Every structure is written in structure tokens, then in C-alpha cells.
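[1] Need coordinates for the below:
(chains A and B)
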Amino acid sequence: MAQTLQQIFFDLFGADAMIAFSPAYALQQLVNGLTLGMIYGLIAVGYTMVYGIIGMINFAHGDIFMVGAFLSLIALTGLSALGITSVPLALAITLLFAAGIAALYGWTVERIAYRPLRGSFRLAPLISAIGMSIVLQNFVQVSQGARVKPMAPMIDGNLPLFADGLFTAQISAMQVAIMLTTLLVLGVFTWLVTRTPLGRAMRACEQDLKMAGLLGIDTDATISLTFVIGAALAAVAGLMFLLYYGVIDFYIGFVAGVKAFTAAVLGGIGSLPGAVLGGLAIGLIETFWSAYFTVEYKDVAAFSILVVVLIFMPSGLLGHADVEKV
Amino acid sequence: MPARAGAALRDAFLSALVALGLFGVLIGLKTESGPGSLVLVARPWAVVIAVGLVFAGRLALLAWRGWRPAGTPSPRRLVAVGGRIGRVLAPLLLAFALSLPFYAGRYWMDLGILVLTYVMLGWGLNIVVGLAGLLDLGYVAFYAVGAYSYALLAQTFGLGFWTCLPLAGLLAACWGVMLGFPVLRLRGDYLAIVTLAFGEIIRIVLLNWVSLTNGPNGISGIPRPTLFGLTFSMGGGPGTVSHFFGVEPDISQRVIFLYYVILGLALLTNWVSLRLRRLPLGRAWEALREDEIACRALGINVTTTKLTAFAIGACFGGFAGAFFATRQAFISPESFTFMESAMVLAIVVLGGLGSQLGVALAALIMIGGSELFRDFAEYRMLVFGGALVAMMILRPRGLVSGRTPSVSLGTAKQISPDLIAQGRG
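    So this is what the prediction gives:
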């Protein structure tokens, strides 16, 4: 019976559709989507933290991610030129290096473009952030060239997960590495936010910036540190992106930034677990859309979700309703 | 003042140190495609120059701050002075624009058309951003809708430019309402991101709907505009402008005609927005920009007010798009990227949100300026981005702050930045 059903299916939809409807194919998309979602989640955390504390959309955050990817590329190329062949060692050094320099970028952007604008009119920080985004993009274009930068894959190997005769779902060693690193970084980050004095200061500022200041928290320093941490996480995401896709250019920050912002909104802006959850959701939606519908319109799908979520569920999955007070 | 000089030196040194951290890697090591894989090329001197510039710049900034005379003019005074200069400058600028074709060559005419297109786009966006206070990051979508409307209507139904122009505006306005209707409940910054997403969606659809738009290859052979049915053909037969007026056919006739068309369209945009500001609608826009909650409390229908701003702004974007299509005779999705939106927004912001003259001057400076510095084209956007940031920090109300309410009790009051500064806490 099953055989005949499969036969009918085959006649109706052809060989490609047969593969598309196999469970293994769906499992493969799940694995790919989760990997992509982790990258988006890491970027989304930066958006949501900044929005939670000073209520602005850090439009340049996507470009910090792009800078992180470039820093990683330079570090990996440099390390291989120096003769460091151990992949875990090279990745660990690159991760720390890229996160450190990107954090400096995050700090500088806040210091130059956002801090002077506290208390300015409503749209001023956003316009300034757009300017900063253009600056970062074109700075990298001028300094590193406009061409796409390819990189040879660093981690090989596949682990078959599940086969159903039509398709074999597998998880690559690269995907495992990306997921493990992301979880590790997010674990450190969660510890930082929930268990340290710094995290307590950040949460206090998020609840009420003025009150936190009155209670003796250095709010300027806390805001700076928020940007630093967000930028470091974005740089980790940049490294992951570089490893996963193997090709970057100066423009990747724009689309990835908008998608990660969508993820932050979907998860409920201001909520840290929500950002990761939203990232995973966006990654899955994008991957499944590409696999089952049209790959050309995957960005349209992600952007449409942003619109739909904002209209029907403005507080997102895990956020709380925001009442505008006078 | 050795102590202050020492502090300044230390500050500049720290800035240079940060700059070294920022630039050391990204400028100092350039990835180049080598044999097989990427190789790094070291550029130590570029880093030294960049860091040196930061050091000197920081020192100069501190020196300027330290020795600036105490009695700086207040922002309110500057606004008043700006207003007085504007009364003289605006007619001069108009006379210059009207007389340009009489003495300018081909290159300057083309540049003039380009600048005027951006002036028109800036004035159109000014209705949305400057008057109604809605940050629209997807304005280029309406520009694209206008351009593609004209191109497709002309190619499919053989309609002329003057028939299609109102249609293109109308279609763009419809898109404005369609976008506006669901999203206008959103707060300012959310609205900005949604309009950005909308602009990208339009571009991606134009890029991928090959059967309609011919995809990335674009649409070519878009008909040129006519002068009361007379064409600007080089052939010079019956029915052409040169034949009708009995002059030699020349390419410059069409360029001059296009120039006056866009000048007329831009002035129409200006006139309409100036008139609208005097209507209750325009006053509602300005009230909405200043305080949305107060508007609601006063019984202004916020939704329709925002929607009309979006529709009218989009309509002028559509006009400009149709003109762009007929001028280029070729359009492709490449012309409608986010950078275009950012550029128009930069013009509006630099000009001063809400100021008509400021927008015109900003378009002249930015588009004209970037044409003059064509050799440094790759640094152009870098400077634009930096200018946006600097503008927000130094003069958030723009070069010519025109935020005079169109109506007020008693004598008209100038609103200066310090009066309307509003924080979050």
C-alpha cells in the first residue's frame, strides 16, 4: 500500500517533489534552519539589549556583525600564514580577537554617535545610527575592497542522521561546531547578565534608567558595556557566518541586520531569551521557505514576518506590552 | 595653560590609541586573493596616516572647544537669521534655476536635472518626515513604483508620458496607502524599520518577477516625453519640435525640455506642500510631529492624518519616478536600493526637517558636491554617513531650521532645539 502511494505521489509531483516531501529532507532543513537561527539569535541579542536600555534601534549593529566577519577573515588568514594549523586553537584565537576588536567598534560607535544625542529629539539617534551604518559599510568597502571574499572551509566531515531511502539528512561537523560555540557563548552571556554585578546593573538600567542612576549605578558606563557586549556577540555571529557560508562582503550586515532585528521584534524586543527564540524562528522560517517555496523570495518572507508581527503582535513572543506615557 | 594642554594631549593620545585598535587590523591588513587562497597585504603607512589624522583631529577639536569665544549665538538667533537669509536666497536660487539653460552646457544641464530630481524627492519626503514626523526609510519604493508604472504602461498600452504621469503618481499614492494602512499604528522607530522592509520587498519583487519587469536586466526603450504631442526626434521630420519651430534638430533641445519639466514638477511639489501647510490638514501634520498623544487628546484623527501624509509624499515620489524613467529611457531594480532612500533622507535631514529651502540647498550641496568630487567616488558615501552623524550631533534641526509652526497665537514663535528637546527619562 505504501509503495503504491509513493508511486502515485511520484507520478503526480515528479522525483524532486518526492525528495522534498520525505521526512529526512525536512529534518535536514530543521538542522540547517537551527544553525542559521543561532547566528541570527546572536545578532538579535545585541539589538534587544540596546533597545531594552535606551530604547533606540541600533541600526549600525548589523554592520558591526559584518566588521566582525571581516576581522575573523583577517585573523584566520593571518593565523594560517603564521603556520598555526590546529583548527580549534585558530578558531579560539580568532573568536577572542574578533570579539575584542568588534567590542571596541561597538564602544566607539556609542561614544561618537549615540551618547551626545541622549535627550535629543525622538528620531535623532536613529538617523545617527543610519549614518554610522553607512560609514561602517563604506569604511570596510574602502579599506578591504568591494569584492566578495571567499574562504576555504575549515572543518570537514558529515555525520549522517537519518535516511529514508530518498534522502539522507546529515549534520556537518561545521554545524555542530557552530551550535556548540553559540550555546557556549550564550551560556557565558546568560551567566554575565544573571549572576554578576554588571548584569544586575544592566537589568536595573533596563527597568528604569533614571532610577538606576539615582541609586548609584554609573549609567553611562553600563550603556557603554551593553554596546561592548552586544558587539562582541555580533562578532561571534560574524565568525559563524564566515565559517558557514565561506564567503562575505561588505554588504552582508544590512540584510542580516534587518533579519536579526525582525528576530528581536518577533521574540519581544527587550527580552533576551526572546531574541534567541526569535532568531531560531527566523532561521527556520527562512530555511523552510527556501526549501519548499522560492529561494529568491526568502528575504521577502522574513521581512513580511516583521510587518505581520508588528501589526498583530507588537510585543512579540516573550515581550511585555509597552504603554507610552506622557 | 599647561595643565589643560597636557590634558588635551593625553585625550588625543587616548583617541589615537583607540583609532589604532580600530584601524590597525581593517586598514593595516588587507585581504587580497592570492594563489589558491587569500593572502594578507600589510599597509602600515595607511594606519599611521589614519591614526595621525585622528590624533590631530581630536587635538584640533579640543583646541576649538577650549578657545571658542564664550558668547556663541543662541540657536534661536541663528534660526531667525536663517529665516531672513532665506527670504533673499530663495528668489535668487529660483532665478538661477530658471535661467540655467541659457548659459549652461550639456554637462551642467544633466547635473541640473539630477539635482532637481533629488530636490523633488527631498521635498516629497519632506512632507512625510519633515511635516508629519514619520520616518520613512523606504521612500525609494514609491520612486520605483512610479518609474515602473510609467515604463510598463508605456510599453504595454503605448501611453505617453503626460498620460502616465498622473497615473504613476496615483499608483504610488495607492501603494503609500496600502503600506500606511496597516503600519501607521506603530511607533516612530518601528515604523522606520517596517518602511525599510517594505522598500526592500518592492525591490526584491522587481528583481525576481522577470515576466513582468524583465528582472535584473531592466526595461529599456522607455519613450521620451513630448511637447504637446511634438517629439524630440533627431530625424527632424513632421511632428517633431524642430520641424514645428523650424530650427535645426539638436540633442540639447530635449535636455532643456527635460530640465524645465523636472523644474516644473519640483516647483509643483514645493507649491503644494507650502499650500498644504496652510490647510487644517497641514497643521494637523505639524501638530502630529510635535506630539502625537496631544493630537489624539484634541480629537485629531491620527490615522487619516498620517495616511494622507504618506499618500501625498508617495504621490510625489511616483511623479519623480516617472520622470526618472523617461529621462533615463532605461530602468532596473539597481536604481532603487536602500542607499537611494538613505540619500534622500540625508538631504531632508541636512536641509532641516520641514524646511523647503534647506532641502533644496542640501540637494544642491550633496548631489552637486559629489559630482564635483567624482574622483573620490568611493569615499562619497563615507562622507555622507559621517555628515548624517555630525549633523545630528551639531545641528539636529538642519542647515536651515525651518520648524516655524505655520500657525500660532499672536506673534509667530521660532521653535529652537532647546525648547523641543525631549528625552525618555
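[2] burial measure for residue 33, as a count.
    No chain specified, so I'll use chain A. Neighbours of residue A:33 under the rule other C-beta atoms under 10 Å in any protein chain shown: 22. C-betas here are computed from N, CA, C, even on glycine.
[3] I was after chain B.
    Residues near residue B:33, counting by other C-beta under 10 Å, number 13.
[4] Show the backbone phi and psi for it.
    Main-chain torsions, residue B:33, degrees, to the nearest 10: phi -80, psi 120.
[5] List the beta-bridge partners for it.
    On the basis of DSSP bridges, residue B:33 is bridged to residue B:38.
[6] Flag every residue of the stretch 1-150 of chain B that's near chain A.
    Residues of the stretch 1-150 of chain B found near chain A (C-beta under 8 Å from any C-beta of the partner chain) are B:18, B:21-23, B:25-27, B:29-33, B:37-40, B:133, B:135, B:137.
[7] Taking those, please make a ChimeraX selection of just the buried ones.
    Selecting the buried subset of the residues of the stretch 1-150 of chain B next to chain A in ChimeraX, with 16 or more other C-beta atoms under 10 Å in any protein chain shown as the burial test, is done by:
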select /B:18,21,22,23,25,26,27,29,30,31,38,40,133,135,137
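[8] Make sure residue B:354 is indeed in a helix.
    No - remark: residue B:354 does not belong to a helix; assigned using DSSP: H, G, I helix; E, B strand; the rest coil, it is coil.
[9] my guess is it meets residue B:126, correct?
    Yes - in terms of C-beta atoms under 8 Å, residue B:354 counts as a neighbour of residue B:126; the distance is 6.7 Å.
[10] got the contact list for the residue nearest the centre of chain B?
    Per C-alpha atoms, centre = their mean, the C-alpha nearest to the average position across chain B is that of residue B:344, at 1.7 Å. Taking C-beta atoms under 8 Å, 6 or more residues apart in numbering or on different chains, we find residue B:344 in contact with B:118, B:121-122, B:125, B:139-140.
[11] Count the neighbours of residue B:232 for me.
    Considering only other C-beta under 10 Å, residue B:232 is surrounded by 20 other residues.
[12] list the buried ones in stretch B:222-231?
    The neighbour-count check on stretch B:222-231 (16+ other C-beta under 10 Å) flags B:222-223, B:225-227, B:230-231 as buried.
[13] pLDDT on that stretch, on average?
    Mean pLDDT, computed over stretch B:222-231, is 78.
[14] Out of the buried residues of stretch B:222-231, which two sit at the greatest distance?
    The most widely separated members of the buried residues of stretch B:222-231, counting by C-beta to C-beta, are B:222 and B:230 (18.3 Å).
[15] before we move on, back to that, please narrow the residues of the stretch 1-150 of chain B next to chain A to those residing in strands.
    B:29-33, B:38-40 (DSSP state E).
[16] Kindly reformat those as JSON lines containing pLDDT.
    Output for those, formatted as JSON lines (pLDDT from 0 to 100):
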{"residue": "B:29", "pLDDT": "85"}
{"residue": "B:30", "pLDDT": "84"}
{"residue": "B:31", "pLDDT": "83"}
{"residue": "B:32", "pLDDT": "81"}
{"residue": "B:33", "pLDDT": "77"}
{"residue": "B:38", "pLDDT": "78"}
{"residue": "B:39", "pLDDT": "81"}
{"residue": "B:40", "pLDDT": "83"}
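[17] Out of those residues, the closest to residue B:12 would be?
    residue B:29 (25.0 Å).
[18] mind listing what that closest one touches?
    Listed by C-beta under 8 Å, 6+ apart, the contact partners of residue B:29 are A:74, A:78, B:40-43.
[19] what do you get for residue B:42?
    B:28-29.
[20] May I have the phi/psi pair for it?
    Main-chain dihedrals, residue B:42, degrees, to the nearest 10: phi -80, psi 140.
[21] Please tell me the pLDDT value assigned to it.
    So, for residue B:42, pLDDT stands at 84.
[22] so how far is chain B from residue A:272?
    Taking C-beta to the nearest C-beta, to the nearest Å as the measure, residue A:272 falls 19 Å from chain B.
[23] wait, isn't that residue in contact with residue A:49?
    Yes - the pair formed by residue A:272 and residue A:49 meets the contact definition of C-beta under 8 Å, at 7.1 Å.
[24] more crowded one of the two?
    Each of residue A:272 and residue A:49 has its neighbours counted (other C-beta under 10 Å); residue A:49 has more, 27 against 24.
[25] Enumerate the positions of the helix or strand the more buried one falls within that are buried.
    Secondary structure from DSSP states H and E places residue A:49 in helix A:23-54. For helix A:23-54, burial by neighbour count (16+ other C-beta under 10 Å) applies to A:24-25, A:27-29, A:31-54.
[26] same thing with stretch A:143-155?
    Neighbour-count burial for stretch A:143-155, counted by 16+ other C-beta under 10 Å, picks out A:143-144, A:149, A:151, A:154.
[27] do stretch B:335-353 as well
    Within stretch B:335-353, the residues that count as buried by 16+ other C-beta under 10 Å are B:335-338, B:340-353.
[28] Sitting in strands, which of the residues you listed do you find?
    Among the buried residues of stretch B:335-353, the subset assigned to strands under DSSP E is empty.
[29] just for the stretch 151-300 of chain B, where's the confidence low?
    Residue ranges of the stretch 151-300 of chain B with pLDDT under 70: B:188, B:233-236, B:239, B:243, B:246, B:249.
[30] now the helices: where do they sit in the stretch 201-350 of chain B?
    Remark: helices assigned in the stretch 201-350 of chain B by DSSP state H, counting those that start in this stretch are B:210-213, B:241-245, B:251-276, B:280-290, B:292-297, B:302-328, B:338-351.
[31] which secondary structure elements does the third one contact?
    Yep, that's helix B:251-276 we're talking about. Contacts defined by 3 or more C-beta pairs under 8 Å, 6 or more residues apart in numbering or on different chains; DSSP states H and E place helix B:251-276 against helix B:75-103, helix B:106-125, helix B:241-245, helix B:280-290, helix B:302-328, helix B:356-363.
[32] nearest to residue B:67, of those?
    Residue B:67 lies closest to helix B:75-103 among the helices and strands packed on helix B:251-276, at 20.6 Å (C-beta to C-beta).
[33] wait, doesn't residue A:169 sit right on residue A:19?
    No - using C-beta under 8 Å, residue A:169 makes no contact with residue A:19, being 11.3 Å away.
[34] which neighbours do the two share?
    Residues touching both residue A:169 and residue A:19 (C-beta under 8 Å, 6+ apart) are residue A:25.
[35] Look at the two and report which has more neighbours.
    More crowded of residue A:169 and residue A:19, by other C-beta under 10 Å: residue A:169, with 20 against 13.
[36] Next, the buried residues of stretch A:185-200.
    For stretch A:185-200, a neighbour-count test (16+ other C-beta under 10 Å) marks A:185-186, A:189, A:193, A:199 as buried.
[37] Run through who's touching that stretch.
    Outside stretch A:185-200, the residues that touch it by C-beta under 8 Å, 6+ apart are A:41-42, A:45, A:202-203, A:222, A:225, A:229, A:233, A:236, A:272, A:276.
[38] Thank you, goodbye.
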